[in-house]
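Trainee: Need coordinates for the below:
(one chain, ligands or ions: 2)
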Amino acid sequence: MAKTILVASGKGGAGKSTVSALLGEAFASKKHPALLIELDSGLRSLDVALGVSENILFDMGDIIRNSCEIRDAVLPCPFCEGLSLIPAAAKPVTVTSGILRKIIAELSADFEYIILDCPAGIGGALENAAECTDLALVVATPDPSSIRGARSAGALLSSAGIGQRRLVIERCPQKAKNLSPINNLDEIIDGTELQLIGVIWEDPMTRSAMDSGKMLSFESPNYETFRSLSERICGRNIPLGFK
Ligand SMILES: Nc1ncnc2c1ncn2[C@@H]1O[C@H](COP(=O)(O)OP(=O)(O)OP(=O)(O)O)[C@@H](O)[C@H]1O
Ligand SMILES: [Mg+2]
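Mentor: Ligands and ions are numbered 1, 2, ... in the order given. Take a look at the predicted model:
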């Protein structure tokens with residue numbers, strides 16, 4: 001049975017799709033097959049990150065309309081064995097918890113991890129995804145409005161009954177002095193009221209991996225960061241590695 005992980009943020013652009021794609025890549029490279037499901041209908045981006053934009057025949061919209069089998073919409077990533085994607089619907093649709101449950105039940109034996117890349121905000125899409133989730137990763141950047149949004153998302157996920165809610169700090173400056181107006185990471189943790197599970201560095205190689213549909217460079221400071229995050233999720237006791 002696959003473990004389902006939801007990736008959310010309050011504010012848009014916090015780095016949900018980046019975390020979803022590179023966490024999936026880290027799982028797959030450690031021989032844990034991973035499926036990404038992009039829920040941001042009408043605003044796809046993971047197909048670009050995985051380099052499969054030209055290969056899309058079916059997407060979430062087709063699954064919802066019953067115009068394809070669920071498996072027909074699963075696209076393997078060409079540069080990362082064990083990583084696959086169900087692309088978001090091209091036009092806005094409602095992805096109900098019933099549809100998500102059906103997809104997860106059908107594909108659960110093929111994947112160890114199913115990652116739900118949620119739309120920004122704390123609306124119905126997040127509530128529906130929450131009904132099918134084992135672990136929620138809430139993404140926040142060191143920006144006061146992003147921190148506030150993450151706290152709201154965390155509160156919604158708590159009301160939805162998700163016991164395991166963790167914070168991923170995204171786009172963290174590699175020099176502490178650039179954190180301003182936040183003084184330190186503790187302020188982000190306190191502000192979101194979530195337990196920290198990973199810190200992703202601001203890094204041009206990470207952005208370019210997402211834009212170019214290629215594997216994250218070994219030289220990126222986030223290469224090891226995502227592998228450590230994946231191992232923490234697998235239950236290993238990997239130190240956060242900064243202070
Ligand atoms: N660690 C990072 N270093 C540099 N750029 C990053 C990093 N993480 C994300 N970005 C860039 O920030 C932008 C927003 O990231 P992303 O698309 O992952 O956010 P999102 O939360 O999925 O956005 P949306 O709410 O629109 O779905 C993208 O251009 C991405 O390449
Ligand atoms: Mg996104």
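
Trainee: what packs against the helix of greatest length in the chain?
Mentor: For the chain, the helix that runs over the most residues, judged by DSSP state H, is helix 144-159. The contact analysis (3 or more CB pairs under 8 Å, 6 or more residues apart in numbering; DSSP states H and E) places helix 144-159 against strand 3-8, helix 124-130, strand 135-140, strand 164-172, helix 185-192. Yep, even glycine has a C-beta here, placed from its N, CA and C like the rest.

Trainee: Give me the distance between P78 and K91.
Mentor: 26 Å (CB to CB, to the nearest Å).

Trainee: What's the per-residue pLDDT of G163 here?
Mentor: Reported pLDDT at G163 in the predicted model: 89.

Trainee: Likewise for L179?
Mentor: In this model, L179 carries a pLDDT of 73.

Trainee: sorry, back to before: which of P78 and K91 has more neighbours?
Mentor: The residue with more neighbours, out of P78 and K91, is P78; 13 against 9, by other CB atoms under 10 Å.

Trainee: gap between that one and I64?
Mentor: Going from P78 to I64 by CB to CB gives 26 Å.

Trainee: before we move on, what about A26?
Mentor: A26 is 29 Å from I64, by CB to CB.

Trainee: what's the neighbour count on G98?
Mentor: Number of residues near G98 (other CB under 10 Å) recorded here: 11.

Trainee: wait, I meant S67
Mentor: Neighbours of S67 using other CB under 10 Å come to 11.

Trainee: hang on, it packs against D59?
Mentor: No. Using CB atoms under 8 Å, S67 is not in contact with D59; the gap is 10.2 Å.

Trainee: Return the distance of V48 relative to ligand 2.
Mentor: As defined by CB to the ion, to the nearest Å, V48 lies at a distance of 11 Å from ligand 2.
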